[in-house]
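Novice: coords please:
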Amino acid sequence: QVQLDESGGGLVQAGGSLRLSCAASGRTFRTYAMGWFRQAPGKEREIVAAISWSGGSTFYAESVKGRFTISRDNAKNTVYLQMNSLKPEDTAIYYCAAARGGYIATMSQTYDYWGQGTQVTVSS
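Specialist: Predicted coordinates for the structure are as follows:
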């Protein structure tokens, strides 16, 4: 069982930055691939970024490439999402998720554990 706790969301102006963190419980964190998803009002949940168990492989949605960076610290059981050059269309609830197997997964159905989410609001 893995419990995930996101933090770092908030209100920021367009062009600003935020860093999301996701702290995981348990000693098996390093065996999970991790992902960040988001869901805006009236829209489906979508993948933002994903990272393999070692951090050696990453995936980014086209809409965030070059602006967002996913990373992980297995010693701290934490995954991060650095978000720069934020746009109003980035406004959403951001969720952290963990997938068994350790390899990058982009489909939400592949993920086994989810956090409660953290709100990110970007004003224009």
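
Novice: tell me the centre residue of this protein?
Specialist: The residue lying closest to the centre of the chain (Cα atoms, centre = their mean) is W36, at 2.2 Å.

Novice: looks to me like it is in a strand.
Specialist: Yes. W36: assigned to a strand according to DSSP: H, G, I helix; E, B strand; the rest coil.

Novice: and it, what pLDDT?
Specialist: Per-residue confidence (pLDDT) for W36: 98.

Novice: ok, it - contacts?
Specialist: 20, 22, 47-50, 70, 79, 81, 94-97 (Cβ atoms under 8 Å, 6 or more residues apart in numbering). Bear in mind the C-beta positions are built from the backbone N, C-alpha and C, glycine included.

Novice: let's have these in JSON lines, adding pLDDT, distance to L4 and secondary structure.
Specialist: What follows is those, written out as JSON lines (pLDDT from 0 to 100; distance: Cβ to Cβ, whole Å; DSSP: H, G, I helix; E, B strand; the rest coil):
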{"residue": "L20", "pLDDT": "98", "distance to L4": "12", "secondary structure": "strand"}
{"residue": "C22", "pLDDT": "98", "distance to L4": "6", "secondary structure": "strand"}
{"residue": "I47", "pLDDT": "98", "distance to L4": "16", "secondary structure": "strand"}
{"residue": "V48", "pLDDT": "98", "distance to L4": "15", "secondary structure": "strand"}
{"residue": "A49", "pLDDT": "98", "distance to L4": "15", "secondary structure": "strand"}
{"residue": "A50", "pLDDT": "98", "distance to L4": "14", "secondary structure": "strand"}
{"residue": "I70", "pLDDT": "98", "distance to L4": "14", "secondary structure": "strand"}
{"residue": "V79", "pLDDT": "98", "distance to L4": "9", "secondary structure": "strand"}
{"residue": "L81", "pLDDT": "98", "distance to L4": "13", "secondary structure": "strand"}
{"residue": "Y94", "pLDDT": "98", "distance to L4": "12", "secondary structure": "strand"}
{"residue": "Y95", "pLDDT": "98", "distance to L4": "8", "secondary structure": "strand"}
{"residue": "C96", "pLDDT": "98", "distance to L4": "5", "secondary structure": "strand"}
{"residue": "A97", "pLDDT": "97", "distance to L4": "7", "secondary structure": "strand"}
